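Asker: Predicted coordinates and the sequence they were generated for:
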Amino acid sequence: MSGNCAYESPEMSALLGGTLRPGGFALTDRGIASCHWTSTDLLLDLGCGQGATVNYLDQKHGLKAVGIDPSQKLLAIARKDNPDKTFLIGSGEAIPLPDDIFQGVLSECTLSLMGDMHVALQEVCRVMKTNGMFFITDVYARNPESLEVIKTHQFESCMRGLYDLNQLQADVERAGFEIVLLEDHSELLKQLLVKTIFEFGSMNAFWQKTGGACAAGFQDVLKMCKPGYYMMIARKVK
């Protein structure tokens with residue numbers, strides 16, 4: 001999770017809870033069931049934020065995970081709430097860990113925050129064991145023709161990192177993975193939209209609260225891209 005103003009804001013935490021993503025743990029549970037991880041596997045939570053998922057994996061599923069995040073502020077919360085867990089400062093583009101050590105990597109609403117998604121995919125592949133499972137949930141543009149406009153905004157949010165889902169599939173495969181499952185879960189984003197408008201009056205008001213002046217006009221551009229939400233599971237094959 002990026003150490004930006006939006007994700008460190010109390011408004012974002014209040015809206016999304018400890019997971020800082022749409023749908024909470026619903027898709028996490030679905031992904032775990034599909035990936036067939038066991039208590040002997042070591043997992044990586046890429047962009048662990050406040051540590052909610054690392055704790056959930058342990059408490060609900062008996063799974064061991066290391067968390068990394070570039071935000072010192074969010075990691076301080078993670079370490080305070082989970083003193084027996086391992087949390088490291090780091091980014092997806094430079095994972096501070098050796099090759100071939102994880103049986104699984106989770107990137108839940110964090111891949112779109114990477115400064116260089118291609119490098120991040122290569123890094124994930126590097127730290128994973130062959131046949132390890134890469135579990136991704138994130139936003140995408142259902143109207144990818146409008147993506148160039150949104151990239152001109154300086155506001156750092158996963159929504160600014162929307163991408164073309166067809167292009168993402170190609171990039172994941174090029175990085176050394178085989179896609180074994182891809183599902184659309186845009187209904188979770190719609191539910192969040194309704195909740196946000198109810199809480200803040202409008203999406204524009206929410207983005208201004210979480211991003212300040214840099215969020216001006218962001219919602220108008222966002223609507224052109226028609227955001228969706230997906231779940232992907234990929235296996236490392238090389």
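Answerer: Nice, thanks for sending it over. Just so we're clear, the structure is a prediction, and the values are computed from it rather than from any experiment. Residues are numbered from 1 along each chain as shown.

Asker: so how far is the helix or strand where residue 132 lies from its chain's centroid?
Answerer: In the assignment (DSSP states H and E), residue 132 maps to strand 128-141. Relative to its parent chain, strand 128-141 has a centroid offset of 10 Å by C-alpha atoms, centre = their mean, to the nearest Å.

Asker: helices and strands around it, which ones?
Answerer: helix 26-35, strand 102-108, helix 165-174, strand 227-236 (3 or more C-beta pairs under 8 Å, 6 or more residues apart in numbering; DSSP states H and E). C-betas here are computed from N, CA, C, even on glycine.

Asker: got the angle for that strand vs helix 165-174?
Answerer: Interaxial angle, strand 128-141 versus helix 165-174 (axes from the mean of the first three to the mean of the last three C-alpha atoms, to 10 degrees): 170 degrees.

Asker: Flag every buried residue along strand 128-141.
Answerer: Residues of strand 128-141 classed as buried by neighbour count (16 or more other C-beta atoms under 10 Å): 128, 132-141.

Asker: could you pull out the helices for the chain?
Answerer: Ranges of helices in the chain, per DSSP state H, are 5-8, 10-16, 26-35, 52-61, 72-81, 117-127, 147-150, 165-174, 186-200, 203-211, 218-225.

Asker: Compare these and say which comes out lowest on pLDDT.
Answerer: Lowest mean pLDDT within the helices of the chain: helix 5-8, at a mean of 46.

Asker: any chance of the helices and strands packed on strand 128-141 in TSV, with mean neighbour count too?
Answerer: Converted to TSV, these look like this (neighbours: other C-beta atoms under 10 Å):
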stretch	mean neighbour count
helix 26-35	18
strand 102-108	25
helix 165-174	15
strand 227-236	21
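
Asker: Out of these, which is closest to residue 93?
Answerer: Among these, the nearest to residue 93 by C-beta to C-beta is strand 102-108 (12.5 Å).

Asker: Could you please name the strands that closest one pairs with and the direction of each pair?
Answerer: strand 42-46 (parallel), strand 128-141 (parallel) (DSSP bridges).

Asker: which outside residues touch it?
Answerer: 19, 21, 27-28, 31, 35, 37, 41-47, 53, 65, 92, 124, 127-129, 132-138 (C-beta atoms under 8 Å, 6 or more residues apart in numbering).

Asker: give me every residue that touches residue 85.
Answerer: 51, 54-55, 58, 65, 67, 78-79.

Asker: Now a PyMOL select for only the buried ones of those.
Answerer: The buried residues among these can be selected in PyMOL (16+ other C-beta under 10 Å) with this line:
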select buried, resi 51+54+55+58+65+67+78
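
Asker: would you turn the contacts of residue 85 into JSON lines with distance to residue 120?
Answerer: JSON lines is the format used below for the contacts of residue 85 (distance: C-beta to C-beta, whole Å):
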{"residue": "51", "distance to residue 120": "20"}
{"residue": "54", "distance to residue 120": "19"}
{"residue": "55", "distance to residue 120": "24"}
{"residue": "58", "distance to residue 120": "25"}
{"residue": "65", "distance to residue 120": "18"}
{"residue": "67", "distance to residue 120": "16"}
{"residue": "78", "distance to residue 120": "20"}
{"residue": "79", "distance to residue 120": "23"}
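
Asker: Can you tell me which of the buried residues of strand 128-141 is nearest residue 231?
Answerer: If you rank the buried residues of strand 128-141 by distance to residue 231 using C-beta to C-beta, residue 137 comes first, at 4.9 Å.

Asker: how close does the closest residue in space to residue 66 that isn't next to it in sequence sit to residue 61?
Answerer: Excluding the flanking residues, the one nearest residue 66 by C-beta to C-beta, 6 or more residues apart in numbering is residue 86, at 4.7 Å. Residue 86 sits 17 Å away from residue 61, going by C-beta to C-beta, to the nearest Å.

Asker: Before I go, just wanted to say thanks for your time.
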